[in-house]
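Undergrad: For reference, the sequence and a predicted model appear below.
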Amino acid sequence: MGIPVGGGIGGLVLLVVILLLNGGIPGVGGSGADEPTVRNTAAGNLDSCKKGTDLANNQDCRFVFYQNSIEGFWAAELPRRGKKYTRAPMRVFDGSVNTGCGAATSAVGPFYCPPDKRVYLDLGFFETLQTQLGARGGNFAEAYVVAHEYGHHIQNLYGYLDRIKSRQGPASDSVRSELQADCLAGVWTNHATTVPDKDGDTFIEGLTEDDIARGLDAAAAVGDDRIQQKSQGRVTPENFSHGTAEQRMRWFKTGMDSGNLSACDTWSTRNL
């Protein structure tokens, strides 16, 4: 059985301004989805999110925009590097869900399951991100979370997840994996305003300084040191699994500033 990657209150994060399109919401590469993007949630059925105007009736449709922008970028970027991109459906759930990695509950937080190549989101997490973890929140914070989990999918396609042997400690494989996913989320952010839909329009119109600040703020909020300090009143590096607030911000910014997947090598660097 596979192990969920990026799960737990510290496994996520990123952000973006969404352009409300009047056209359809395409699948990867504009070819259409081969199955519903997301399933039922407590807020409604996101299978009905077909065009930008649907957002007026169901605000949760924004998660379909996030996914299509992120997957649209990687679907074009990986073939340019000689690597085939395989689509990773996103499933939104409420409370609990059965996955290729076993049963999971909302307590796990957003995660990626390698065996079934899916991203899983409980939308209630984003309220937790603000109310319990102190993040400012906003659209770009939500999109960062989604982009981080898709960063794990990119790792899976390249075989990086197979390298994870040690799961705790400041220089553990788990920390290296999570920081790389943050960096990959940053790479997408660099290109986010250029990813086109099937009609050639961009999903994301622009990113402001406030958007970026909210993204960095969200990354910091889920740092191991911040979470440990809040939950137990002290920081225990030997139990780190995702990286510190400073590391998560820095690696996200590394990917964002470079826009280059090659800049995200957290496995060979000594200075995480």
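TA: Nice, I can see it. Numbering: from 1, shown residues only.

Undergrad: So which residues of the stretch 51-200 of the chain form helices?
TA: Remark: helices assigned in the stretch 51-200 of the chain by DSSP state H, counting those that start in this stretch are 62-80, 125-131, 139-158, 173-191.

Undergrad: Nearest approach to Tyr112 belongs to which of those helices?
TA: helix 139-158 (3.9 Å; CB to CB). C-beta: built from backbone N, CA, C; applies to glycine.

Undergrad: what's that closest one packed up against?
TA: Helices and strands touching helix 139-158, by 3 or more CB pairs under 8 Å, 6 or more residues apart in numbering; DSSP states H and E, are helix 62-80, strand 111-113, strand 118-122, helix 125-131, helix 173-191, helix 209-221.

Undergrad: Please render those as CSV that adds mean pLDDT and distance to Tyr150 to the earlier fields.
TA: CSV is the format used below for these (pLDDT from 0 to 100; distance: least, CB to CB, whole Å):
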stretch, mean pLDDT, distance to Tyr150
helix 62-80, 93, 5
strand 111-113, 94, 8
strand 118-122, 91, 6
helix 125-131, 83, 16
helix 173-191, 97, 8
helix 209-221, 90, 15
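
Undergrad: got the CA positions of stretch 230-241 in PDB?
TA: C-alpha atoms of stretch 230-241 as PDB (Å, rounded to 0.1, in the frame of the first residue of the first chain):
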ATOM      1  CA  LYS A 230       1.700  26.300  18.400                       C
ATOM      2  CA  SER A 231       0.900  22.700  19.200                       C
ATOM      3  CA  GLN A 232       3.400  21.800  21.900                       C
ATOM      4  CA  GLY A 233       5.100  25.100  22.900                       C
ATOM      5  CA  ARG A 234       8.500  24.100  21.700                       C
ATOM      6  CA  VAL A 235      10.400  23.200  18.600                       C
ATOM      7  CA  THR A 236      11.800  19.700  18.100                       C
ATOM      8  CA  PRO A 237      13.900  19.500  14.900                       C
ATOM      9  CA  GLU A 238      14.300  15.700  15.200                       C
ATOM     10  CA  ASN A 239      10.600  15.400  14.400                       C
ATOM     11  CA  PHE A 240      10.600  17.700  11.400                       C
ATOM     12  CA  SER A 241       8.900  16.200   8.300                       C
END
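
Undergrad: Buried ones in it, by neighbour count?
TA: Using 16 or more other CB atoms under 10 Å as the test for burial, stretch 230-241 gives 240-241.

Undergrad: How far away from the center of its chain is it?
TA: Offset of stretch 230-241 from its chain centre (CA atoms, centre = their mean, to the nearest Å): 23 Å.

Undergrad: Now that stretch: average pLDDT?
TA: For stretch 230-241, mean pLDDT rounds to 94.

Undergrad: If I look at the nearest residue to Ser48 once chain neighbours are set aside, what pLDDT would I see?
TA: Spatial nearest neighbour of Ser48, excluding adjacent residues (CB to CB, 6 or more residues apart in numbering): Asp54 at 6.3 Å. On the pLDDT scale, Asp54 is placed at 75.

Undergrad: For Asp54, grab the count of nearby residues.
TA: 17 (other CB atoms under 10 Å).

Undergrad: Surely it touches Asp60?
TA: No - between Asp54 and Asp60 there is no contact under CB atoms under 8 Å: 10.0 Å.

Undergrad: So for Thr202, which of the helices of the stretch 51-200 of the chain sits nearest?
TA: helix 62-80 (8.4 Å).

Undergrad: which other helices and strands contact that closest one?
TA: Partner elements for helix 62-80 (3+ CB pairs under 8 Å, 6+ apart): strand 90-93, helix 139-158, helix 173-191.

Undergrad: What count of nearby residues applies to the closest residue to Val64 other than its chain neighbours?
TA: Spatial nearest neighbour of Val64, chain neighbours left out: Cys49 (4.4 Å); criterion: CB to CB, 6+ apart. Number of residues near Cys49 (other CB under 10 Å) recorded here: 23.
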